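> Just to be clear, the model below is a prediction. Sequence and coordinates:
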Amino acid sequence: MDPHPIILLTAAEASGDQHAANLARAIRRRRPGARLVGFGGPRMADAGVELLADLTSRSAMLLGSIGRVPEMLAHYLRFDRFIERNPVALHVPVDSPVVNLPLAGRSKRHAVPVLYYIAPQLWAWGDWRMSRVRRRVDRLACILPFEPDYFAAHGVAATFVGHPLFEPLAGFQPDRAFVERLPSGSPRVALLPGSRGQEIASHLPAQLRAAAAFRRSCPRASFVVAAPQAQHGHSLDLAPFLAAAQAPVTLATGRLHDVLSWADLALTVSGSVTLEVAWFGVPMVVMYYANPWQWKLIGRRLVKMPLRSLPNILAGREIVAELMPWSGRDEPVIEAMLRLIGDEGGRQRLGAELKAVVAPLAGREASRLTADLALRLIEEKESSH
């Protein structure tokens, strides 16, 4: 095998930047001479990846990405030029199919093999893109255990590698001094409004209103908002939201895991954060806003899954209350929280079940296994020539 293969890594969001950075380090441990190049962000750069462009500083999702079309076209041309001028051994797109599937197509046109890490969740919505995945991807590295069978049934080679979200949790110990400074009331409620500015703006006001209503029923309840640091996914000023809160609320930025080690209950947006909540065995209510008219006209036709939060999907049944889509009304959120806190035995059983549900995802080293897959694909390409 070439001791200095050129491997392209592409990530378009803060989370993908982190996962790609961990993967880059895992590849370096196996092939110290590998040249790692790509599109990404500061974490990839810190891991030794030569950045052709930073796609994470102004990441946009779905319709929000339309305004970036000219910028993305320039990035695609830069990507093409690099592949044309360099013998790239492998392209590893990480998550973000809106950006990465077109890049994968460009790689395939230049006969560069593609290992897609964090497979697009076509099983949830957008299965019309399956033919695109078949044409553009040689192998998928899947982070959920049921995904390989799903993709194999559609003619796409896939391997379950585990979820990279759990890698930093393997040896996690709470910062006791920090946790002791958090509010001491009971129950202790973590409010998780999301990681992107748009998510936070859509969910945090309602979560704060729910906290105030919940406190009227549970006067000793305490609340902590766990939000990412502004440079890691959003640029929103949270101070005005907290100033308007009708219940005492503490803000903890960049300390999600410490907050979850403190919490008795979580009110959270959907997404991968629910898996972190489950790892800590914290009972939760899951919510995600959708405009009612947009949902009726478009959303319900795209989203086919009867279960929509990841803990429920993994369990195969509803074990946590999921308000998805959530239309913006406060009452269902408050009622779900009160039902959960009123059943102590049910909360204990739920906490144990949540830990069991995510155990298969947490029991693997996703970055290491994906690095092994990457190097194997390079070897297969070399042996075929």
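Nice, thanks for sending it over. Numbers count the residues shown, from 1 in each chain.

> Would you state the strands of this structure in chain order?
6-11, 35-40, 50-54, 88-94, 115-117, 139-142, 158-160, 188-192, 222-227, 249-253, 265-269, 284-289, 321-326 (DSSP state E).

> name the helices or strands packed onto the first one?
On a contact count with 3 or more CB pairs under 8 Å, 6 or more residues apart in numbering; DSSP states H and E, strand 6-11 meets helix 14-30, strand 35-40, helix 69-85, strand 88-94, helix 97-109. For every residue, glycine as well, the C-beta is placed using N, CA and C.

> go again using 7 Å as the cut-off
helix 14-30, strand 35-40, strand 88-94 (3 or more CB pairs under 7 Å, 6 or more residues apart in numbering; DSSP states H and E).

> now it, how far from the centre of its chain.
Centroid displacement of strand 6-11 relative to its chain, using CA atoms, centre = their mean, to the nearest Å, is 19 Å.

> quick one: strands adjacent to it?
Partners of strand 6-11 in the sheet, by DSSP bridges, are strand 35-40 (parallel), strand 88-94 (parallel).

> most packed of the helices and strands packed on strand 6-11?
strand 88-94 (a mean of 26; mean count of other CB atoms under 10 Å).

> average pLDDT across it?
Across strand 88-94, the average pLDDT comes to 98.

> Just the CA atoms of it, as CSV, please.
Only the C-alpha atoms of strand 88-94 are listed here, as CSV (Å, rounded to 0.1, in the frame of the first residue of the first chain):
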residue,chain,number,x,y,z
VAL,A,88,-6.6,11.0,-4.6
ALA,A,89,-6.9,7.5,-3.1
LEU,A,90,-10.2,7.9,-1.3
HIS,A,91,-12.9,10.4,-0.5
VAL,A,92,-14.7,10.2,2.9
PRO,A,93,-17.8,12.5,3.0
VAL,A,94,-19.0,12.9,6.6
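
> ok, residue 9 - how many residues close by?
29 (other CB atoms under 10 Å).

> To clarify, my last question referred to residue 216.
11.

> what's the answer for residue 152, then?
Residue 152 has 12 nearby residues by other CB under 10 Å.

> pLDDT at it, what is it?
Residue 152 is assigned a predicted lDDT (pLDDT) of 96.

> OK, contacts around it?
By CB atoms under 7 Å, 6 or more residues apart in numbering, the contact list for residue 152 reads residue 158.

> let's see 10 Å
Listed by CB atoms under 10 Å, 6 or more residues apart in numbering, the contact set of residue 152 reads 140, 158.

> My understanding was that residue 186 contacts residue 221; is that so?
Yes: in this structure residue 186 lies within contact range of residue 221 using CB atoms under 10 Å: 7.2 Å.

> who's more crowded, the two?
residue 221 (22 against 12).

> Confirm for me that that one is in contact with residue 184.
No: with contact defined as CB under 10 Å, residue 221 does not count as touching residue 184 (11.3 Å).

> Skipping its backbone neighbours, what lies nearest residue 260 in space?
Among residues not flanking residue 260 along the chain, residue 280 sits closest, at 4.2 Å (CB to CB, 6 or more residues apart in numbering).

> how much space between that neighbour and residue 197?
From residue 280 across to residue 197, the span is 25 Å (CB to CB, to the nearest Å).

> And those two? Which one has more around it.
Set residue 280 next to residue 197 and count neighbours by other CB under 10 Å: residue 280 wins out with 23 against 14.

> which residues touch the more buried one?
169, 172, 174, 190, 256-257, 259-263, 266, 351, 354-355, 358.

> Separate out the buried members of the residues you listed.
174, 190, 256-257, 259-263, 266, 351, 354, 358 (16 or more other CB atoms under 10 Å).

> what sits against residue 131?
So residue 131 contacts 154-155 (CB under 10 Å, 6+ apart).

> Repeat that for the one 10 residues further on.
Residue 141 makes contact with 23, 92, 94, 115-119, 147-148, 158-162, 164, 366-367, 369-374, according to CB under 10 Å, 6+ apart.

> one more time with 8 Å, if that's ok
Under the criterion of CB atoms under 8 Å, 6 or more residues apart in numbering, the neighbours of residue 141 are 115-119, 158-159, 161, 366, 369-370, 373.

> Likewise for residue 210?
Residue 210 neighbours (CB under 8 Å, 6+ apart): 267, 330, 333-334, 337.

> Widest-spaced pair of the buried ones among the contacts of residue 280?
Largest separation among the buried ones among the contacts of residue 280 by CB to CB: 262 and 358, giving 19.1 Å.
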